[in-house]
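Asker: kindly generate the corresponding structure for this input.
(one chain, ligands or ions: 2)
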Amino acid sequence: MEKKYLLGNEALAYGLFEGGLEASFAYPGTPSSEITEKLVEISKEENIYIEWSINEKVSYENAYGVSLTGRRSCVIMKHVGLNVASDPFITSVYTGIIGGLVIIVADDPFAYSSQNEQDSRRYWQLAKTVCFEPSSIQESKNIAKFSFEFSEKIGLPVMIRSVTKLSHGKSDVLIGKRQKKISDYGFKKNPSKFVMVPSNARVALKNLNEKQEIIKKEVEKLPFSKFEKGESNIGIVACGLTYSYVKEFVETEKKNSPIFKVSTYPLPEKKLKNFLESVNEIVVFEEGDPVAEEQIYIYSKIYNLKNKIYGKINNFTDKEGELSVDKVEETFYKIRGKKKKYYSFSIPERPPVLCAGCPHLGSFYILKKVFGKDALFPGDIGCYTLGVKLETIDTCLCMGAGISMGSGMSRFEKNNVVSIIGDSTFFHTGIPALINAVYNQANQVICILDNRTTAMTGHQPHPGTGINAKKEKTVEIELKKLISNCGVEDVIEVDPYKIKEAIEKIKGIKDKKGVKVIIFKRECIITSKGKKIQYYIDSKRCKGCKLCLTINCLAMSFKNGKAEIGILCNGCGMCENICPYKAIVKDEKKG
Ligand code: SF4
Ligand code: SF4
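Answerer: Residues are numbered from 1 along each chain as shown. Ligands and ions are numbered 1, 2, ... in the order given. Next up is the predicted model:
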């Protein structure tokens with residue numbers, strides 16, 4: 001065994017690797033992305049197939065295909081990605097799998113970088129398989145390794161739920177040797193098992209329901225969920241990472257509470273019954289929905305137990321957001337009818353902003369100039385969602401929805417409808433929405449902000465970049481050609497840094513009927529190489545008109561009646577492009 005200081009996501013990657021993973025598929029999404037990045041790094045010597053797929057459904061279907069050939073595969077995504085992958089996921093539990101198939105889903109309590117806080121454990125209930133929820137970074141590695149074996153044992157895909165703090169926390173982790181490939185199985189035809197026509201699906205559901213008894217027995221034997229005895233009459237149920245908060249609270253407060261640690265769903269019924277019988281009152285800590293709490297109510301009813309239960313259902317714990325040691329303590333105060341004293345301090349708020357020189361700033365400026373403030377801007381998910389502060393993003397629902405919503409709006413709105421989507425998101429779910437808009441003759445402008453990467457999640461490649469997950473050269477899917485082939489007649493490419501030129505080009509197609517596509521093509525300022533250029537203001541020429549400030553660049557400010565450029569300048573030249581008095585000048589010494 002070797003000890004390494006790892007991120008929770010890196011520990012998951014090591015666990016998958018040790019467990020004999022042969023193929024991994026993912027779509028980038030915070031807080032899950034580092035798992036794939038680490039797999040690329042640690043699998044160099046092994047022949048493991050690793051892919052950034054174009055969306056989570058495609059990811060899942062690929063991993064399932066690998067599993068049917070008998071190999072161990074995994075699929076990795078953030079919580080909302082499971083909505084996209086839910087179709088194949090749920091039916092694959094009907095058909096069952098051959099090689100171990102593990103689905104890792106990273107939830108985001110408090111929605112730090114997501115459009116909602118949904119709890120993926122609900123999919124465990126819907127799909128009727130097993131969900132693991134690690135309580136520490138070491139356990140993340142252990143469970144990821146073990147999950148392949150367990151998936152093969154029960155013949156079903158299994159799910160691992162992580163949460164932001166577990167994915168992004170760091171600790172020492174013991175890692176071991178990679179398990180060797182166990183079989184050279186190939187796909188064996190079995191239509192009654194794998195072809196889900198209604199007659200086969202009905203049989204499959206019956207089998208799956210019968211399998212629930214086997215699952216219950218198997219889960220009971222696993223070491224991950226456990227009952228830790230104590231003297232107190234008030235017991236604590238701690239799910240996943242909340243176990244770490246509970247342990248810290250119990251140790252600091254010198255409490256001797258019995259603890260039931262939950263790391264598997266379904267909960268092990270017998271172990272849980274023993275715990276419930278040993279206490280009078282129970283507090284349940286879990287992030288997300290009251291999933292374990294509901295199970296405890298059900299078991300209490302079945303076994304006619306009269307424990308008093310404190311949790312989300314009766315408002316003793318928060319229904320939203322993340323838990324912490326402080327929140328655990330606060331709940332105990334609440335149970336005793338007391339108020340916890342807070343020693344608060346404030347830190348300045350730092351709302352997220354687009355980087356200085358971000359090409360999206362130019363795109364938004366251009367769109368406002370051409371379409372005016374009354375245009376509707378249905379938006380999408382990516383860095384550019386921050387355009388909401390610049391009044392160039394009016395909606396954000398889910399990946400790809402900006403185009404489809406825009407099509408719907410365009411049927412009833414008289415103002416221009418200008419949908420905004422990123423390049424990676426366009427490949428994710430924008431393409432079918434575009435085809436639908438063309439086919440059903442929407443009257444809409446679609447803007448693809450093509451910064452040549454999936455920027456928000458850490459600059460992962462996509463089919464438009466010409467490189468794959470392992471940074472090897474591959475086929476580059478050209479957006480302009482693809483869009484023309486989808487039936488769009490008016491598709492133009494502009495450079496968001498060349499503001500005047502772009503405005504003129506867009507004016508040329510603005511009033512045409514039907515679907516028009518504008519590709520704003522310019523590499524993300526973070527990944528673009530080249531020399532560090534900076535600009536400065538020639539104060540003699542500056543008339544203080546503030547026109548340059550309408551770009552909303554972070555590096556620009558206004559002082560004593562003149563514009564100023566600070567050290568954050570990345571030298572994009574957009575502001576130089578719009579100053580009518582040539583007061584913005586390239587710093588030749590730095591350029
Ligand atoms: S050149 Fe102007 S717009 Fe570009 S980063 Fe510098 S200050 Fe910002
Ligand atoms: S646009 Fe030019 S003149 Fe106007 S404030 Fe900016 S630098 Fe000064």
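
Asker: now for residue 514, how many residues are close by?
Answerer: Using other C-beta atoms under 10 Å, residue 514 has 14 neighbouring residues. (Glycine included, C-beta is placed from N, CA and C.)

Asker: what sits against it?
Answerer: 438, 441-443, 489-490 (C-beta atoms under 8 Å, 6 or more residues apart in numbering).

Asker: now do it, the pLDDT please.
Answerer: pLDDT for residue 514: 96.

Asker: go on, the one 3 residues further on?
Answerer: Residue 517 is assigned a predicted lDDT (pLDDT) of 98.

Asker: surely it is in a strand?
Answerer: Yes: the assignment for residue 517 is a strand, going by DSSP: H, G, I helix; E, B strand; the rest coil.

Asker: kindly tell me how buried it is, as a neighbour count.
Answerer: For residue 517, the neighbour count with other C-beta under 10 Å is 27.

Asker: buried among the contacts of residue 514? Make that a ChimeraX selection.
Answerer: In ChimeraX syntax, the buried subset of these is picked out as below (16 or more other C-beta atoms under 10 Å):
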select :438,442,443,490
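
Asker: make JSON lines out of the contacts of residue 514 and add secondary structure.
Answerer: As requested, those are exported to JSON lines (three-state DSSP):
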{"residue": "438", "secondary structure": "helix"}
{"residue": "441", "secondary structure": "coil"}
{"residue": "442", "secondary structure": "coil"}
{"residue": "443", "secondary structure": "coil"}
{"residue": "489", "secondary structure": "coil"}
{"residue": "490", "secondary structure": "strand"}
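
Asker: up against ligand 2, what does the chain have?
Answerer: With C-beta under 6 Å from any ligand atom as the criterion, the chain meets ligand 2 at residues 537, 542-548, 563, 579, 581, 583-584.

Asker: for residue 430, list the residues it contacts.
Answerer: By C-beta under 8 Å, 6+ apart, residue 430 lies in contact with 380, 400, 402-403, 421, 448.

Asker: likewise for residue 461?
Answerer: 52, 453-454, 467-469, 471.

Asker: again, but for residue 568
Answerer: Counting by C-beta under 8 Å, 6+ apart, residue 568 touches 356, 554-555.

Asker: and what of residue 336?
Answerer: Residues in contact with residue 336 (C-beta under 8 Å, 6+ apart): none are found.

Asker: confidence score at residue 588?
Answerer: 66.

Asker: stretch 385-397 near ligand 1 anywhere?
Answerer: No: using C-beta under 6 Å from any ligand atom, we find that stretch 385-397 stays clear of ligand 1, coming within 13.7 Å at best.

Asker: quick one: mean pLDDT for that stretch?
Answerer: On average, stretch 385-397 scores 91.

Asker: among the contacts of residue 430, which are in helices?
Answerer: Mapping the contacts of residue 430 onto helices (DSSP state H) picks out 402-403.

Asker: considering the contacts of residue 430, which possesses the most neighbours?
Answerer: Neighbour counts for those, by other C-beta under 10 Å, peak at residue 402, which reaches 33 neighbours.

Asker: for that one, which non-adjacent residue is spatially closest?
Answerer: Closest residue to residue 402 apart from its sequence neighbours, by C-beta to C-beta, 6 or more residues apart in numbering: residue 380 at 3.8 Å.

Asker: residues contacting residue 119?
Answerer: Remark: with contacts taken as C-beta under 8 Å, 6+ apart, residue 119 is in contact with 79, 107, 287-289, 291.

Asker: give me phi/psi at residue 279?
Answerer: Per-residue torsions, residue 279: phi -130, psi 160 (degrees, to the nearest 10).

Asker: any idea which element the nearest residue to it once chain neighbours are set aside lies in?
Answerer: Spatial nearest neighbour of residue 279, chain neighbours left out: residue 235 (3.6 Å); criterion: C-beta to C-beta, 6+ apart. Assigned by DSSP states H and E, residue 235 falls within strand 234-239.

Asker: repeat that for residue 585.
Answerer: Going by DSSP H and E, residue 585 is in strand 584-586.

Asker: spell out which parts of the stretch 251-400 of the chain neighbour ligand 1.
Answerer: Residues of the stretch 251-400 of the chain lying near ligand 1 by C-beta under 6 Å from any ligand atom: 356-357.

Asker: list the contacts for the residue in the stretch 351-500 of the chain that ligand 1 sits nearest to?
Answerer: Ligand 1 sits closest to residue 357 of the stretch 351-500 of the chain, with a gap of 3.4 Å, by C-beta to the nearest ligand atom. Neighbour list for residue 357: 525, 553, 555, 569-572, 574 [criterion: C-beta under 8 Å, 6+ apart].

Asker: and the residue of the stretch 301-450 of the chain closest to ligand 2?
Answerer: residue 365 (12.5 Å).

Asker: if we can go back for a sec, show me what the residue nearest to residue 279 bridges to in the sheet.
Answerer: residue 282 (DSSP bridges).

Asker: burial measure for it, as a count.
Answerer: Each residue near residue 235 was counted by other C-beta under 10 Å, and the total is 23.

Asker: and if you look at residue 352?
Answerer: Number of residues near residue 352 (other C-beta under 10 Å) recorded here: 10.

Asker: which residues touch the helix ranked longest in the chain?
Answerer: When every helix of the chain is counted residue by residue (DSSP H), the longest turns out to be helix 198-221. Here helix 198-221 makes contact (C-beta under 8 Å, 6+ apart) with 91, 93-96, 128-130, 150, 153-156, 191-193, 196, 225, 264, 266-271.

Asker: PyMOL command to pick out the buried ones of the residues you listed?
Answerer: Buried residues within these, by 16+ other C-beta under 10 Å, are selected in PyMOL with:
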select buried, resi 93+94+95+96+128+129+130+150+154+155+156+193+225+264+266+267+268+269+271
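
Asker: the contacts of helix 198-221 in strands, which ones?
Answerer: Judged by DSSP state E, strands contain the following of the contacts of helix 198-221: residue 264.

Asker: among the contacts of helix 198-221, which lie within helices?
Answerer: Going by DSSP H, the helices hold 91, 93-95, 150, 153-154, 191-193, 269-271 from the contacts of helix 198-221.

Asker: now do the contacts for residue 98.
Answerer: Contact analysis of residue 98 by C-beta under 8 Å, 6+ apart lists 67-70, 185, 187.
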